[in-house]
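> Quick one: sequence plus predicted model below, questions after.
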Amino acid sequence: MEKIAILGFGCAGYHCAKTLREEGFEGAIHVYSDTDLPPYNPMLTTYYTGHRLPWKALFPFGSLKSIAQSLSLNIHRRAKVSRLDAVRREVVLENGKRSRYDAVLIATGARVFVPPLPHMPERNVYVMRTPADAEALRQRLDQGDVHSGVVVGASMVGIKVAELFQRAGIRCVLADQAPTLFPLAAVPEVGRELGRRVEEKGVCLRLGQRLIDLRESGDGLEVCLERETLPADVVVLAIGTRPNLDFLDAAGPKVDRGVLVNQRMETSVPGIYAAGDCASALNIQSGNNQIIGLWANAGYQGVTAAGAMLGKTVRYPGSLLHNITHFLDMDFIGFGDVHAQGEVLRYSNDGFYFYAVRREGKLALVNIVDNHIISGVIKNYMTRRFLGHEEPISPMQRVILLRNGLSEPMIDLLER
């Protein structure tokens with residue numbers, strides 16, 4: 001193997017390139033990026049917008065120049081891939097240039113979903129994922145004339161933007177067509193509890209209403225929901241993401257929302273691999289493939305893809321649905337299938353709120369409010385059970401749970 005291409009340069013792409021070099025690959029590695037920025041962490045963007053992190057902190061692996069030098073990479077900046085000829089393993093750029101490779105990693109990540117609306121204003125509407133998105137909103141807020149904002153999307157990103165507005169003294173409304181907060185991770189009961197706490201912090205909620213339109217109104221905007229219209233100086237759309245796979249065609253790897261991969265991160269086409277927020281990998285709970293867009297997953301998948309390219313015995317074990325976020329001085333953690341049915345276990349203690357569903361001897365879902373310290377133990381226990389390990393919670397883990405608010409009877413119930 002002499003030439004490898006990496007399409008996209010986020011966490012997955014970086015870890016693939018780094019692992020290739022660490023494992024002794026001396027051939028050419030060509031990286032195609034549609035920006036001129038180094039790999040960045042999307043979940044840090046709101047911190048930069050709110051002046052809580054400097055620009056450099058968005059890029060955990062350093063500058064593009066230093067990465068290219070240390071890993072001997074050929075980085076093609078602002079090089080948008082228009083097509084991947086998977087049969088020939090040819091990368092085709094928008095300018096028509098073609099290059100053939102022995103192996104290709106698809107690591108193009110995801111982009112913000114912007115719904116089609118009858119009237120999309122050209123100004124004062126923002127999204128939040130890339131450093132450019134963060135910079136655009138930061139510059140707008142720094143003008144000092146934003147007094148009201150509407151965030152559409154009660155997601156992990158949406159709540160962070162709402163927090164950003166609240167910290168800046170901006171009147172904020174958080175809207176979503178779902179009836180409760182975090183509908184993809186929190187059960188309705190927990191979502192309602194979170195909503196109560198968020199409103200106590202001064203964020204207004206408009207839930208159970210679909211966004212119909214956005215319109216310009218004077219110097220501001222009108223946010224048209226199903227049952228009311230809200231005025232706003234700025235609007236941020238945080239409705240969700242879609243994988244960047246427009247360059248693939250029917251002859252390419254199989255796609256089911258994301259590129260389908262096996263546990264070596266191989267696609268349906270020999271020599272083509274995928275990793276990160278565009279890859280549909282194993283969900284250890286359901287046994288099906290699913291995009292689970294987490295920073296740690298992307299890194300692990302990139303490492304696995306590199307090993308597979310080099311013919312090594314590697315295996316990505318899969319992942320559990322997992323959401324954790326800190327906002328407005330509170331925490332929410334969600335593990336597992338939010339739609340799981342089974343025996344419900346509830347526990348609360350001085351603001352700490354715990355909700356779990358047990359099914360067939362396993363925890364199928366856990367929601368935790370304001371107790372992030374126990375989350376590692378709970379996730380470890382759930383993951384081991386789904387991987388077929390029958391060991392109980394260890395004595396040390398039990399001590400951690402007990403010291404941080406979970407009762408002995410509840411721990412016994414979790415293990416029963």
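Looks like it arrived, so ask away.
> For the rest of this, base every contact and every neighbour count on C-alpha atoms.
Noted.
> where exactly do the helices run in the stretch 101-250 of the chain?
For the stretch 101-250 of the chain, the helices defined by DSSP state H, counting those that start in this stretch occupy 131-141, 156-167, 188-200.
> Among those helices, which comes closest to Q290?
When the helices of the stretch 101-250 of the chain are compared by Cα to Cα, helix 156-167 sits nearest Q290, at 18.6 Å.
> contacts for the closest one?
43, 46, 49-50, 128, 149, 151-152, 171-174, 182, 202-203, 236-239, 325, 327-328 (Cα atoms under 8 Å, 6 or more residues apart in numbering).
> quick one: that helix to helix 131-141, angle?
Angle of helix 156-167 versus helix 131-141, following axes from the mean of the first three to the mean of the last three Cα atoms, to 10 degrees, is 20 degrees.
> Flag every buried residue along helix 156-167.
Within helix 156-167, the residues that qualify as buried by neighbour count (16 or more other Cα atoms under 10 Å) are 156-166.
> packing partners for the helix or strand bottoming out on mean pLDDT in the chain?
Least confident helix or strand, the chain: helix 408-415 with a mean of 91, by mean pLDDT, DSSP states H and E. On a contact count with 3 or more Cα pairs under 8 Å, 6 or more residues apart in numbering; DSSP states H and E, helix 408-415 meets helix 395-403.
> how about the strands in the stretch 1-150 of the chain?
In the stretch 1-150 of the chain, the strands defined using DSSP state E, counting those that start in this stretch lie at 3-7, 28-32, 74-76, 81-85, 90-93, 98-100, 103-106, 110-112, 125-127, 148-152.
> Which residue ranges make up each domain of the chain?
Structural domains assigned to the chain are 3-111+242-309, 125-239, 340-415, following automatic domain parsing.
> export these to a markdown table and tack on distance to R315?
Shown next, in a markdown table, are these (distance: least, Cα to Cα, whole Å):
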| stretch | distance to R315 |
| --- | --- |
| domain 3-111+242-309 | 5 |
| domain 125-239 | 27 |
| domain 340-415 | 13 |
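> Ok, which of these comes nearest L117?
Within the domains of the chain, the stretch nearest L117 is domain 125-239; the backing value is 5.4 Å (Cα to Cα).
> Show me where this protein dips below the pLDDT cut-off.
Judged against pLDDT under 70, the chain has no low-scoring part.
> Now do the phi/psi pair for the residue nearest the centre of it.
Residue closest to the mean C-alpha point of the chain, counted by Cα atoms, centre = their mean, is G293 at 4.1 Å. As for G293, its main-chain torsions (degrees, to the nearest 10) stand at phi -80, psi 80.
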